[in-house]
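Trainee: quick one: sequence plus predicted model below, questions after.
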Amino acid sequence: MADTFLDRIKLTWDLSAEDIKNRVDSLIKTVRDVYDKVGNLKENELTYENTIQAMTNNDSYYSVQRNMLDFPQHVSAKKEIREASTEADKKLSEFDVEMSMRQDVFDNLVAFQSKTDVSKLKPEAKRYLEKLIKLGRRNGLHLAKDIQDQIKAMKKRASDIAIDFNKNINDENTVLEFTEKELDGVPADVIKRFEKTSDGKCKVTLQYPDYFPVMKKCRNPETRRQMEFAFNSRCKEANTKIMEELVEIRHKKSQLLDFPTHAAFILDMRMAKKAESVATFLKDLSQKLRPLQDKELKRFLQYKEEECKELAIEFDGKINYWDMRYYMTIAEEREYSIDHNKLKEYFPLDHVTTGLLNIYQELLGLKFKEVENPPVWHEDVQMFTVIDVATDQFMGHFFLDLFPREGKFSHAACFGLQPGCLEPDGSRQSAAAAMVANFTKPTSDQPSLLTHDDVETFFHEFGHVMHQICSQAEISLFSGTRVERDFVEAPSQMLENWVWEKESLSRMSKHYKDGSAIPDELMDKLVKARNANAGVFNQRQILLGTFDQTIHTKDKADTQSIYAEISKDVLQIPATPNTNMCAAFGHLADGYDAQYYGYLWSEVYCMDMFHSRFKKEGIMNPKVGMDYRKYILQPGGSMDAIDMLKKFLGREPSQESFLISKGLQA
């Protein structure tokens with residue numbers, strides 16, 4: 001037990017649907033009692049212990065218990081457990097809304113602040129108090145009761161339908177059937193993996209491991225058209241309605257709170273601060289990328305015209321959505337001579353995992369050890385302990401759940417499961433986090449092989465896992481990745497750089513058959529190809545960020561026509577008629593509303609950190625790695641991101657490295 005530290009983890013994954021239901025009710029009762037006690041105190045009875053400490057202890061307890069009940073909706077193999085977990089999430093989200101609207105608790109926090117010399121509080125406790133009061137004001141607790149009731153009802157409704165939105169995406173199970181001829185060009189190992197119908201057709205789902213190989217490699221434009229139409233029509237009827245209702249609710253709520261738009265309300269708590277700053281950032285970057293994008297689209301058209309002649313099919317003179325990834329792949333293969341199918345033979349998952357874990361251990365001064373026969377939610381899942389090398393101190397556990405299965409979360413993400421923070425007795429609660437992904441499963445004659453994109457995804461999401469584990473915040477509200485949302489991606493994005501450097505790539509790769517290294521020539525081409533299609537790729541990110549900002553600066557939105565208009569303007573590729581990509585844009589119902597710009601915004605900081613320190617001083621330099629752990633990962637959200645950056649960089653952040661990384665002049 002001591003070696004695996006299983007006694008330090010408070011999570012259990014063997015709950016039945018009935019257990020989940022019962023535990024929700026009991027958790028709500030326990031937590032409500034704490035709020036009641038704090039809310040019932042008279043002003044002269046308020047102390048640090050019975051107010052602030054009571055709240056922080058409760059946050060930590062609630063976080064662990066809640067994760068145990070709502071995480072199974074994303075990963076359980078049993079439908080009844082996923083459904084019970086989804087219902088638990090709904091019920092607890094409604095309860096969260098109710099607790100966030102507790103006037104009595106808010107009034108007592110304000111009273112405690114006014115009667116206390118807050119400068120004598122520990123910095124985290126002071127930040128916690130200020131944040132709770134600010135959140136209370138953002139919930140309208142300083143406003144009249146009738147307005148509060150409206151806000152509360154809106155928050156409950158938004159929370160419920162957002163859960164439905166994501167459940168609809170997870171439950172989506174469309175299957176298209178194609179002959180092998182219709183899938184001409186799709187790699188043989190992918191074709192082999194597809195289930196077959198009784199008449200020998202391939203059953204192709206819209207999950208990433210099926211969808212992207214077809215969109216990138218299938219020579220038959222009609223097959224790609226059908227796939228893209230189905231993919232961007234996922235949940236269209238139900239989720240378009242939900243998203244448009246969410247836009248209306250968010251706008252009305254923001255206006256009641258005296259913000260002009262939902263974007264203004266959200267950005268008030270972010271590094272960007274104002275919607276105007278985000279709009280300027282996205283527009284300027286789009287203009288700078290335009291010449292690069294025009295050149296790329298012109299080349300795509302040239303390739304398309306040549307291929308149409310070769311296949312004797314009509315050339316329509318334009319790049320469609322179902323052409324985009326296909327010609328991006330062709331451009332990359334021709335201009336950099338990269339055969340991604342050949343390249344993935346050098347990335348067997350087991351070897352990538354070993355190499356990746358070794359790099360992170362070396363860089364951050366950590367030691368990982370796999371737990372044998374771990375208590376997990378599915379037999380595919382691995383569990384590891386994390387020890388700090390310098391002190392031999394146990395820091396936490398992480399889980400890897402890497403293969404697709406029915407009903408499972410369909411993207412790649414890190415889920416914080418147990419926040420690292422102080423326990424009521426002053427000892428430390430260890431952190432636990434899971435990385436959930438959908439990499440190709442091994443077959444009887446071939447291991448799981450990753451594309452280079454998959455390796456980058458793995459590095460990125462595992463970076464979030466390390467943020468959760470390495471954070472040493474004292475209060476759970478600031479643990480792990482609980483930083484400003486437009487900074488949260490920067491630490492992980494920075495670590496993506498390692499999959500573009502020869503030194504680290506060579507440690508994560510070997511041919512799955514003979515163990516040979518990636519040939520130098522192929523490695524050089526891969527590194528050079530980093531900026532392949534940078535214009536189109538980044539304009540797509542700008543399109544999504546601009547769409548998100550546009551709908552969240554309006555009182556209501558026709559999402560389909562707004563997306564189509566911005567796509568034509570920014571991406572210069574028209575959205576396929578009668579599709580609505582927004583209906584499966586899970587970020588906008590899952591906490592990234594008015595914040596998708598953050599991926600590009602935080603890249604400014606990630607490139608600055610990488611080029612200013614790691615690239616200069618050595619990508620495996622343990623001194624820089626430990627500085628990174630100390631100044632960027634360790635604080636969690638206990639200080640402002642800009643202050644962490646200044647400490648690590650030794651100066652104010654700059655955009656120069658970011659622009660150069662996009663192939664632009666600074």
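Mentor: Happy to help now that I have it. Residues are numbered from 1 along each chain as shown.
Trainee: neighbours around residue 266, how many?
Mentor: 24 (other C-beta atoms under 10 Å). No exception for glycine: its C-beta is placed from N, CA and C like everyone else's.
Trainee: just grab the bridge partners of the most centrally placed residue in the chain for me.
Mentor: The C-alpha lying nearest the average C-alpha coordinate of the chain belongs to residue 413 (C-alpha atoms, centre = their mean; 5.1 Å). Residues in a beta bridge with residue 413, per DSSP bridges, are residue 436.
Trainee: how much space separates it from residue 518?
Mentor: 28 Å (C-beta to C-beta, to the nearest Å).
Trainee: give me the helices and strands touching the helix of greatest length in the chain, please.
Mentor: Counting by DSSP state H, the longest helix found in the chain is helix 275-311. Secondary-structure packing of helix 275-311 (3 or more C-beta pairs under 8 Å, 6 or more residues apart in numbering; DSSP states H and E): helix 262-267, helix 321-336, helix 534-551, helix 598-609.
Trainee: mean confidence for it?
Mentor: The average pLDDT within helix 275-311 is 96.
Trainee: just give the closest residue to residue 259, not the sequence neighbours.
Mentor: Closest residue in space to residue 259, ignoring its immediate chain neighbours: residue 265 at 4.1 Å, by C-beta to C-beta, 6 or more residues apart in numbering.
Trainee: burial measure for that neighbour, as a count.
Mentor: 22.
Trainee: OK, contacts around it?
Mentor: With contacts defined as C-beta atoms under 8 Å, 6 or more residues apart in numbering, residue 265 is in contact with 138, 250, 253-254, 257, 259, 594.
Trainee: switch those residues over to a markdown table; also include pLDDT and secondary structure.
Mentor: A markdown table is the format used below for those (pLDDT from 0 to 100; DSSP: H, G, I helix; E, B strand; the rest coil):
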| residue | pLDDT | secondary structure |
| --- | --- | --- |
| 138 | 95 | helix |
| 250 | 98 | helix |
| 253 | 97 | helix |
| 254 | 98 | helix |
| 257 | 97 | coil |
| 259 | 97 | coil |
| 594 | 97 | coil |
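Trainee: where does pLDDT dip in the chain?
Mentor: Under the criterion pLDDT under 70, the flagged ranges of the chain are 1-2, 666.
Trainee: top strand in it by residue count?
Mentor: strand 393-401 (DSSP state E).
Trainee: and residue 383, that one's in a helix?
Mentor: No. According to DSSP: H, G, I helix; E, B strand; the rest coil, residue 383 belongs to no helix; its state is strand.
Trainee: which residues touch it?
Mentor: 370-371, 374-376, 397-399.
Trainee: one more time with 10 Å
Mentor: The contact partners of residue 383, taken as C-beta atoms under 10 Å, 6 or more residues apart in numbering, are 4, 6, 9, 369-376, 397-401, 432, 434.
Trainee: do the same with residue 298
Mentor: Residue 298 touches residue 319, counting by C-beta under 10 Å, 6+ apart.
Trainee: list just the nearest of the contacts of residue 265 to residue 339.
Mentor: residue 594 (40.4 Å; C-beta to C-beta).
Trainee: can you pull out the strands in the stretch 351-500 of the chain?
Mentor: 366-370, 382-388, 393-401, 413-418, 421-422, 428-429, 431-436 (DSSP state E, counting those that start in this stretch).
Trainee: please tabulate those strands in CSV, including the columns distance to residue 58.
Mentor: As requested, the strands of the stretch 351-500 of the chain are exported to CSV (distance: least, C-beta to C-beta, whole Å):
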stretch, distance to residue 58
strand 366-370, 30
strand 382-388, 26
strand 393-401, 21
strand 413-418, 15
strand 421-422, 12
strand 428-429, 13
strand 431-436, 18
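Trainee: burial-wise, tell me which of these comes out on top.
Mentor: strand 431-436 (a mean of 25; mean count of other C-beta atoms under 10 Å).
Trainee: can I get that one as PDB, trimmed to CA atoms?
Mentor: Taking Å, rounded to 0.1, in the frame of the first residue of the first chain, the C-alpha atoms of strand 431-436 are listed here in PDB:
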ATOM      1  CA  ALA A 431      -3.600  15.400  -6.400                       C
ATOM      2  CA  ALA A 432      -5.100  13.000  -8.900                       C
ATOM      3  CA  ALA A 433      -5.800  13.600 -12.600                       C
ATOM      4  CA  ALA A 434      -6.800  11.500 -15.600                       C
ATOM      5  CA  MET A 435      -5.800  11.900 -19.200                       C
ATOM      6  CA  VAL A 436      -8.600  10.600 -21.500                       C
END
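Trainee: from residue 132, how far out is the residue nearest to residue 259?
Mentor: In terms of C-beta to C-beta, residue 265 sits 18 Å off from residue 132.
Trainee: any idea how far residue 221 lies from residue 261?
Mentor: 40 Å.
Trainee: residue 68 is in what secondary structure piece?
Mentor: Per DSSP states H and E: residue 68 is located in helix 54-70.
Trainee: what strand or helix carries residue 47?
Mentor: Applying DSSP H and E, one finds residue 47 in no helix or strand.
Trainee: chain center to the host helix or strand of residue 660, what's the gap?
Mentor: Applying DSSP H and E as the criterion places residue 660 in helix 656-661. Put simply, helix 656-661 sits 23 Å off its chain's centre (C-alpha atoms, centre = their mean, to the nearest Å).
Trainee: what lies in contact with that helix?
Mentor: Contacts for helix 656-661 (C-beta under 10 Å, 6+ apart): 285, 288, 497, 500, 530-531, 534, 600-612, 615, 664-666.
Trainee: angle of the helix or strand hosting residue 563 against helix 534-551?
Mentor: In the assignment (DSSP H and E), residue 563 maps to helix 559-566. Helix 559-566 and helix 534-551 meet at an angle of 140 degrees, taking axes from the mean of the first three to the mean of the last three C-alpha atoms, to 10 degrees as the criterion.
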